Every structure is written in structure tokens, then in C-alpha cells.
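Q: Predicted model follows, preceded by the sequence.
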Amino acid sequence: MGSFCGSLKCKRDSSRKECNECLEKGKKIKVVFVMGGPGSGKGTQCAKIVQQFGYTHLSAGELLRKEINSGSENGTMIQNMMNEGKLVPSDLTVRLILKAMQESDNDKFLIDGFPRNEENLKAFENHIKIEPNFILFLDCPEEEMTRRLLSRNQGREDDNIETIRKRFRVYEESTLPLVDYFASKGKVHKVDAARPVEEVFESVKTLFSSTEEQVSAGYLLKS
Ligand SMILES: Nc1ncnc2c1ncn2[C@@H]1O[C@H](COP(=O)(O)OP(=O)(O)O)[C@@H](O)[C@H]1O
Ligand SMILES: Nc1ccn([C@H]2C[C@H](O)[C@@H](COP(=O)(O)OP(=O)(O)O)O2)c(=O)n1
Ligand SMILES: [Mg+2]
């Protein structure tokens, strides 16, 4: 990845980490990470947050599926990893997230299904000069998530019981420790996601209404 001076719209290549001109003119970007197990309702709640609070929703999984469908040279590798319930290399995922941020005119983003492991977080920190301080964590028991995934009906090849079990293991081993790490820094806003959609959203709405202005903002550093 080449370097990039600072603001979303400036594509000027620069060896400097920051470009004063752009930092002055550039927009400050807000990022909220939306974490939770497969089937916890991340996509569903993000769609509602978009309507109510005007964020742009970027689902890491959706961006990867689009990459498969675009016929990219990485498509087969991504598809194989997803079908095994594995996480794809972080640089690739972060590159797709950055591109989507740069293509958007918005200045606030929900990043759904990311970070999922420490490598994801490190790659994000390397390429974006924003330290998210607001993590929405949708907490849901495995049994309920399994029921939802098996009836999701979106034609996803990874929504079969064998792959679901693998995705849960990755979630437990790699993602939950990251939630604990963010929690130790006081950044996690946990919501009981086992309730009906509207009830979950009531809690989410309360959280966003009271803390949205506290969501930290920063600049994209590189692309
Ligand atoms: N609170 C909820 N109660 C029941 N079903 C839900 C709830 N939230 C989402 N769903 C359904 O569960 C499935 C998974 O939700 P989704 O938003 O895709 O989760 P995720 O993005 O976390 O995998 C979808 O079919 C969705 O309609
Ligand atoms: N940060 C991410 C996010 C998703 N992926 C891959 C691996 C995941 O099992 C799939 C599907 O992710 P997605 O967020 O769409 O799945 P759920 O909505 O949680 O059911 O994509 C990844 O490798 N890295
Ligand atoms: Mg999803």
C-alpha cells in the first residue's frame, strides 16, 4: 500500500505521515466498530443505525463477498477461506475498508464484523490514524445465533452447520479476546442481542443518542 497524506479526499502521494494542508482542510472521520458473533444481528442493527443516525455501514464480510463476485484475482482464496470459516489476510480486508471509506462522502462509519482478530486491529492501526473509542458489542448466546444463521436464507455458502461451528470457534478464540481487550480500555458498549430486533435497537439507540458526540474522530493515514 502506498502512503497517503491525510484526509479522505486527498490522493496526494507523500512520504510524510501527515500533510498539514490536508489536516487543516480534511474532514475528521468517526469510526465505530460493531462486534458480535456470527448471527448476533450486526447487519440488522447497523441498517437501523444508518437510518436513525446517518452513518455509512461497511460490513467487512460484505466487502469480501463483493470482491469474490467482482472476479478479483483474490476471489477464489477469499471464497475458500470463508467456506472454511477462516479469516482472510488482514491487509486485504483493510484495503477494501479503506477504499470504501475513500469512496464515501460521509464522515462517520460503522465497521461491522471488524476487527475479528488481533491482526485485523494491527492492520487497521497501521493504515488509519483513528483510534476507535466506541465499540458496539452485540452479545448473544450461540444457540440463538445458530438458529438465526440456519434460517437467514441469504444463500450464503458459509451458513451451514459445519462452517457455523468453525466460525464460532474463531469467534471464541480470536474475536472475544479482542472484545475483552477493548473492554479493559473502557471502550465496549455491550447490548443484550438475544431479544427481538426492535428491543435490541431501543438499547442501541439509547447508547448512540447519549454517546455519539463522544465517538473519537481522526484522519485516514494511508491507502
Ligand atoms: N434480534 C433478532 N431476533 C431475531 N432474529 C434476528 C435478530 N437480529 C437479526 N435477526 C435475523 O438473524 C439473521 C442474522 O442477522 P444478521 O443481522 O445478518 O447478523 P450478523 O450480521 O451479526 O451475522 C438474519 O436473518 C436476521 O434477520
Ligand atoms: N474482518 C473479517 C470479516 C469477515 N471475514 C470473513 C470470515 C467470516 O466468516 C466471513 C463472513 O463474515 P460476515 O461478517 O459477513 O459474517 P456474519 O455477518 O458475522 O455472519 O467473512 C474476515 O475474514 N475478516
Ligand atoms: Mg453480517
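A: Okay, I see it. Ligands and ions are numbered 1, 2, ... in the order given.

Q: near ligand 2, anything from the strand ranked longest in the chain?
A: The longest strand of the chain (DSSP state E) is strand 29-36. No. Between strand 29-36 and ligand 2, judged by CB under 6 Å from any ligand atom, nothing touches; the nearest distance is 7.4 Å. Where C-beta positions appear, they are placed from N, C-alpha and C, glycine not excepted.

Q: quick one: contacts of that strand?
A: 8, 42, 45-46, 55, 101, 107-115, 128, 130, 132, 134-140, 175, 178-179, 182, 193, 215-220 (CB atoms under 8 Å, 6 or more residues apart in numbering).

Q: can you confirm F137 is in a strand?
A: Yes. F137 forms part of a strand when assessed by DSSP: H, G, I helix; E, B strand; the rest coil.

Q: Now do it, the pLDDT please.
A: Note for F137: predicted pLDDT of 98.

Q: With adjacent residues omitted, what lies nearest to G75?
A: I68 (4.4 Å; CB to CB, 6 or more residues apart in numbering).

Q: any idea how far the residue of the chain found nearest ligand 3 lies from Q52?
A: Using CB to the ion, the closest approach of the chain to ligand 3 is made by G43 at 3.7 Å. Noted for G43: a distance of 15 Å to Q52, by CB to CB, to the nearest Å.

Q: Check L64 too.
A: L64 is 26 Å from Q52, by CB to CB.

Q: higher neighbour count, these two?
A: More crowded of L64 and Q52, by other CB atoms under 10 Å: L64, with 23 against 12.

Q: Without its sequence neighbours, what residue ends up closest to that one?
A: L64 sits nearest to I78 (CB to CB, 6+ apart), 5.3 Å away.

Q: before we move on, the earlier item: right, and the residue of the chain closest to ligand 3 touches L110 too?
A: No. If you go by CB atoms under 8 Å, G43 and L110 don't touch, sitting 10.1 Å apart.

Q: Common neighbours of these two, please.
A: Counting by CB under 8 Å, 6+ apart, the residues touching both G43 and L110 are H57.
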